[in-house]
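> The following block contains a protein sequence and its predicted model.
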Amino acid sequence: MFRRNSRKRVGLQGIALGLLAGLLAPSAYADMGYAVVPKQIIYPGQEIDAAQLQEVEVTNPNLAGGYASGIDQVMGKVSNRTLLPGRTIQLSALREPYAVKRGAPVRLTFSLGNMTISATGTPLDNAAVGDVIKVRNLDSGVTVSGTVMANGTVQVMAK
């Protein structure tokens with residue numbers, strides 16, 4: 001006994017359309033842009049250098065967004081998780097480097113009008129520029145809150 005073949009037969013038109021779609025597909029992907037991928041494994045806490053990166057053309061239309069499209073978006077940042085070679089780098093996996101480190105002495109400044117008071121303090125946490133952090137004043141022992149500035153000082157907030 002013989003069974004009927006349940007596969008549909010593809011005619012010449014179907015073959016021609018398939019070949020045409022294959023020829024047109026690469027040009028459709030050319031407009032997708034670029035993504036940044038590591039050349040080597042980058043571990044959490046490691047600062048990223050341009051020599052560790054390369055830009056590749058995106059060819060996967062199903063690639064989720066939120067990835068770095070230029071080396072300048074990634075260079076100088078610190079990884080929050082392990083980044084594998086050849087995989088896109090999600091911007092959410094990066095952070096700014098710490099401007100102050102826990103336990104390292106920092107300059108505290110408080111300004112009110114023309115008056116500026118400064119002292120030395122010890123940060124109770126690591127923090128990047130713009131973060132609010134608690135710092136213990138070494139002279140008085142009082143813990144104050146302040147904003148980390150770009151020059152590495154902490155601008156104390158008024159209560």
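Everything's here; your move. All figures in this text were calculated on a predicted structure; none of them were measured in a lab. Numbers count the residues shown, from 1 in each chain.

> so where is this structure shaky, pLDDT-wise?
1-31 (pLDDT under 70).

> Which residue, other than its chain neighbours, is closest to Gly45?
Val78 (6.4 Å; CB to CB, 6 or more residues apart in numbering). In short, each C-beta sits where N, CA and C put it, glycine included.

> Kindly state the beta-bridge partners for the one you found.
When bridges are assigned using DSSP bridges, the partners listed for Val78 are Glu47, Arg95.

> Can you report how many residues lie near it?
The local packing count at Val78 equals 17, with neighbours defined by other CB atoms under 10 Å.

> need the contact list for it.
When contacts are counted by CB atoms under 8 Å, 6 or more residues apart in numbering, Val78 touches Gly45, Gln46, Glu47, Ile48, Leu94, Arg95, Glu96, Pro97, Tyr98.

> Check Gly66 too.
Residues in contact with Gly66 (CB under 8 Å, 6+ apart) are Gln90, Leu91, Ser92.

> Touching, Gln73 and Val36? I think so.
Yes. Taking contacts as CB atoms under 8 Å, Gln73 lies within contact range of Val36: 7.0 Å.

> Give me the more crowded residue out of the two.
In terms of neighbours (other CB under 10 Å), Val36 is the more surrounded of Gln73 and Val36; the figures are 22 against 14.

> Tell me where the protein has strands.
Counting by DSSP state E, the chain has strands at residues 34-38, 53-57, 78-79, 94-95, 106-112, 115-123, 132-137, 143-148, 154-156.

> With only the CA atoms kept, save the second one in PDB.
So that's strand 53-57. Extracted in PDB, the C-alpha atoms of strand 53-57 (Å, rounded to 0.1, in the frame of the first residue of the first chain):
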ATOM      1  CA  LEU A  53      35.700  46.900  21.300                       C
ATOM      2  CA  GLN A  54      34.700  46.700  17.700                       C
ATOM      3  CA  GLU A  55      31.700  48.000  15.700                       C
ATOM      4  CA  VAL A  56      29.800  45.400  13.600                       C
ATOM      5  CA  GLU A  57      27.000  45.800  11.200                       C
END
